[in-house]
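Student: the following block contains a protein sequence and its predicted model.
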Amino acid sequence: MLETLHRIVQAVNGASDFEEALELIVERVAEATSADVCSVYLLEPEAAQLRLVATQGLYSEAVGRVRLALDEGLVGLVAQREESINLENADRHPRFRYFPETGEERFHSFLGVPIIHYQSRLGVLVVQRRVGDRFNDAEVAFLVTMAAQLAGVMAHARVRGDLAAAVGDLPGQALGLTGIGGSSGVAMGEGFVVSHHADLDGVPDRPAQSPTREIAEFRAAVDGVRADLELLAERMRDQLPDGEQLLFDVYLRMLDGDSLTRGVCERIEDGHWAPFALRRTIAEQVRRFEAMEDAYLRERASDVRDMGRRLLARLLSVESDQARLPEQAILVGEELSASQLAEIPPERLAGVVSAGGSANSHIAILARALGVPAVMGVRELPVHGLHGRALILDGYRGRVEVDPAEPLRAEYARLQREEAELTAELSELTGLPARTPDGAEIQLYVNTGLAAEINPALEIGCDGVGLHRTEFPFMMGDRFPGEEEQAVLYREVLAAFAPLPVTLRTLDVGGDKPLPYFPTHDENPFLGWRGVRMTLDHPEIFLTQLRAMLRASVGLDNLRLMFPMVTRLEEAEQAKALVMRACEELAEEGVAVTRPLIGAMVEVPAAVYQAESLARRLDFLSVGSNDLAQYLLAVDRNNSRVASLYDELHPAVLRAVNEVAQAGQRVGCPVSVCGSMAGEPGVAPLLLAMGMEGLSMSSGRLLRVKWVLRTLSAAECRSLLDEALACETPEAVKALITVALERHGLGGLIRAGRH
Ligand code: PEP
Ligand code: MG
């Protein structure tokens, strides 16, 4: 049964449109259940009606014509009750309703199961047989499983189908899609699908006219693409920091690698024309990457596909996309690559939206570095239907609005205007302390990680760096960076902010940040070998990094060192001992190092309950609320299925963070917050009231937070915190915060969401 199930789902997944998907479903399910009839009824929510959309066994004229309300017929009953109904003699049931156009009277046994996707009813799947026997248990179980699996596929196909239908001369149909915020901000522009003419999957098989000529043409295409890439890399040199430039090297190596050229040439010699030889070779390589266990390497499959499209475009001399580039382009793709992003001149790139990926994909990281709004992981994104369409991206909430209706468009335009005004107004706060009207003060630090994040932070003014994520250069390269290489990068950030403190976090890979050259093969990466667990197991890697950090700080002495993912006291102790060892070694080598302040992140529940013990052993603690909320709520926020359950205002999260602040105060150890909650203007007053020493956030959030803190008094913040800690739901906390900010005319600040 499992095998049959798989085969059906795969076939449906491969359907070219929604209609074909429905036909495949009824045909294959009827066959698998040996039923005389299989039909799909879809719910039309506006009309609260179920419509017969596909059938095998009933008269085909009935398709599209038979409609029934939810309180009508057996099919209506299945949808209404949201459970299956299995009958021997359907026609004897009081809810049976006869539709003469179906020819249904011949079929007596009836099994209907609801098709439900994320709590929403999509329709009903029905099988019927002539003979009057109930369907047996195994058959019912099969159909229920089938319907559950098909629900996702159908929801996906339907959204894509709806959109595809709206393309062309038909008036645009407004549609909202949800993904994950990859880079904050609002973008309004026109959808732009790169090289959508060069559709590899659509290349037909043809015989090679002259293999020698085809091979020569393919080699010329490789040369052409190489030249394009070199040009792009050159163009991006000023736009992107050095680390990110490495991506182009990866592309060029892939292009020059033996397996691509050999694969294509061999196929041409076997008699296929070059475009098809390319299609097959790319598909083979993509499959190889996709089968890899490591998530990072799996993601490289999209780079291979991108390379394939570029080569095809060259082979077929497809006209350059640049000529059709809109003024405000919103780059749309299944899985976008860095080079596709680079292809759009920055002054025309308004936003990025991708069907795949997460907040930690390269493209999201790059979008953040370039300050361009991005929405990732929009699983139902109808990519090809979006070329040339009016789009709004809400990078705060991870929303994409297609052909938005006028009121929505006006609302976002207003939001954009307000943001611009607010930004201008907020610039007056540059250089002022984050001090409440009644004199309470808190440090406002920035989070950095890419070289491109340094200047904006310096421009708006801050009290230092509360979290410098060191993993990006490790993730972008194809080997561990050496001590000298790292020291140069760390020196850059330490020197830029000196004499202000800079907190360098030691390597935090694993989880959602895999290294291409060091696969961890964790079944469950978030509960696996990540952060300090990994670096403690590899002192040679850890010591190289620690030495680089210490050396980078010589003469500046503004380094603070912080360990990620600490769960046990020994981990903090061992890591600290390694720092001491690195200091001693360097001193022996004649390097004038000073012992830095040493701290740990509190980002797993275990560390919350041992915060006091950690605080006694270390110089500071910093709450990593992103991971802490993820582990407390058991929600992977990069998983769009459950991302809506991720909520930093969940009372459990607030109480845990407060617990850490209290523990720090008991032993006189400063505690700060460096997860994204620190950059939420509505949450900052609560964190101040908890007694946090500092808040560390992306520089874009800093002035907003400062504004709130300079407006609300510490006494108000404290009573707000008391009330928030007594709340039982995130919604209650949110309502409380909104009222408090609106009282001061700051309601606009909390409309913009995370990051
Ligand atoms: C956190 O977990 O809150 C944090 C700041 O670390 P990262 O987002 O890099 O995991
Ligand atoms: Mg973390």
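Tutor: Looks like it arrived, so ask away. Ligands and ions are numbered 1, 2, ... in the order given.
Student: with adjacent residues omitted, what lies nearest to the closest residue to ligand 1 within the stretch 451-600 of the chain?
Tutor: Of all residues in the stretch 451-600 of the chain, residue 469 sits closest to ligand 1, at 5.2 Å by Cβ to the nearest ligand atom. Heads up, the C-betas are built off the backbone N, CA and C, glycines and all. Nearest residue to residue 469 in three dimensions, chain neighbours excluded: residue 449, at 3.7 Å (Cβ to Cβ, 6 or more residues apart in numbering).
Student: that neighbour against residue 465, yeah?
Tutor: No: here residue 449 does not reach residue 465: they are 9.9 Å apart, not a contact under Cβ atoms under 8 Å.
Student: who has more neighbours, the two?
Tutor: residue 465 (28 against 22; other Cβ atoms under 10 Å).
Student: tell me the pLDDT of the more buried one.
Tutor: pLDDT, residue 465: 98.
Student: kindly report the same for the one 10 residues further on.
Tutor: Per-residue confidence (pLDDT) for residue 475: 76.
Student: would you mind writing the CA trace of the one helix or strand it maps to as CSV?
Tutor: Assigned by DSSP states H and E, residue 475 falls within helix 471-476. Output in CSV follows, covering the C-alpha atoms of helix 471-476 (Å, rounded to 0.1, in the frame of the first residue of the first chain):
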residue,chain,number,x,y,z
GLU,A,471,30.0,31.5,11.1
PHE,A,472,29.4,33.2,7.8
PRO,A,473,33.0,33.1,6.5
PHE,A,474,33.0,29.5,7.6
MET,A,475,29.8,28.8,5.7
MET,A,476,30.8,30.5,2.5
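Student: re earlier: show me what contacts the residue nearest to residue 469?
Tutor: Contacts for residue 449 (Cβ atoms under 8 Å, 6 or more residues apart in numbering) come out as 468, 469, 470, 471, 472.
Student: mind checking how far stretch 450-465 is from the chain centre?
Tutor: 25 Å (Cα atoms, centre = their mean, to the nearest Å).
Student: so the residue of the stretch 451-600 of the chain closest to ligand 1 touches residue 507, yeah?
Tutor: No: using Cβ under 8 Å, residue 469 is not in contact with residue 507; the gap is 9.5 Å.
Student: how much space between the residue of the chain most remote from its centre and residue 314?
Tutor: In the chain, counting by Cα atoms, centre = their mean, residue 92 sits farthest out from the average C-alpha position, at 51.4 Å. Here residue 92 is placed at a distance of 67 Å from residue 314 (Cβ to Cβ, to the nearest Å).
Student: and the residue nearest the centre of the chain, backbone torsions?
Tutor: Among the residues of the chain, the one closest to the centroid is residue 358, at 2.1 Å (Cα atoms, centre = their mean). Dihedral pair for residue 358: phi -140, psi -170, per degrees, to the nearest 10.
Student: how about the nearest residue to it, chain neighbours excluded?
Tutor: Per Cβ to Cβ, 6+ apart, closest to residue 358 is residue 638, 3.7 Å.
Student: repeat for residue 492
Tutor: Spatial nearest neighbour of residue 492, chain neighbours left out: residue 451 (6.5 Å); criterion: Cβ to Cβ, 6+ apart.
Student: isn't the one you found up against residue 490?
Tutor: No: with contact defined as Cβ under 8 Å, residue 451 does not count as touching residue 490 (11.3 Å).
Student: more neighbours, these two?
Tutor: residue 490 (22 against 19).
Student: and the more buried one, what does it touch?
Tutor: 468, 470, 504, 548, 549, 552, 553.
Student: show me the contacts for the last one.
Tutor: Meaning residue 553. 490, 494, 559, 593, 594, 596.
Student: now residue 586
Tutor: So residue 586 contacts 547, 550, 551, 593 (Cβ under 8 Å, 6+ apart).
Student: same question for residue 548.
Tutor: Contacts for residue 548 (Cβ under 8 Å, 6+ apart) come out as 483, 484, 485, 486, 487, 490.
Student: which of those tops the neighbour count?
Tutor: Neighbour counts for these (other Cβ under 10 Å) peak at residue 486, which has 24 neighbours.
Student: before we move on, back to that, and the residue nearest to residue 469, what pLDDT?
Tutor: pLDDT, read off for residue 449, is 86.
Student: equivalent analysis for residue 670, please.
Tutor: pLDDT, residue 670: 98.
Student: pLDDT below threshold where in the stretch 451-600 of the chain?
Tutor: Within the stretch 451-600 of the chain, the segments meeting pLDDT under 70 span 512.
Student: ok, the residue in it that ligand 2 sits nearest to to residue 620 distance?
Tutor: Per Cβ to the ion, residue 564 is where the stretch 451-600 of the chain lies closest to ligand 2, at 5.8 Å. Distance of residue 564 to residue 620, computed by Cβ to Cβ: 14 Å.
Student: what about these two, which has more around it?
Tutor: Using other Cβ under 10 Å as the criterion, residue 564 and residue 620 rank with residue 564 on top: 29 against 22.
Student: so who does the more buried one touch?
Tutor: By Cβ under 8 Å, 6+ apart, the neighbours of residue 564 are 505, 506, 507, 508, 531, 532, 601, 603, 624.
Student: mind checking which of those residues land in helices?
Tutor: residue 532 (DSSP state H).
Student: near ligand 2 too, which of the contacts of residue 564?
Tutor: By Cβ under 5 Å from the ion, the members of the contacts of residue 564 lying near ligand 2 are 603, 624.
Student: tell me the contacts of residue 126?
Tutor: 37, 38, 39, 40, 41, 75, 78, 110, 111, 112, 113 are the contacts of residue 126 under Cβ under 8 Å, 6+ apart.
Student: picking that back up, tell me which of the contacts of residue 490 fall in helices.
Tutor: With DSSP H as the criterion, helices contain 548, 549, 552 from among the contacts of residue 490.
Student: make CSV out of those residues and add distance to ligand 1.
Tutor: Listed next are the ones in helices among the contacts of residue 490 as CSV, based on distance: Cβ to the nearest ligand atom, whole Å:
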residue, distance to ligand 1
548, 19
549, 17
552, 20
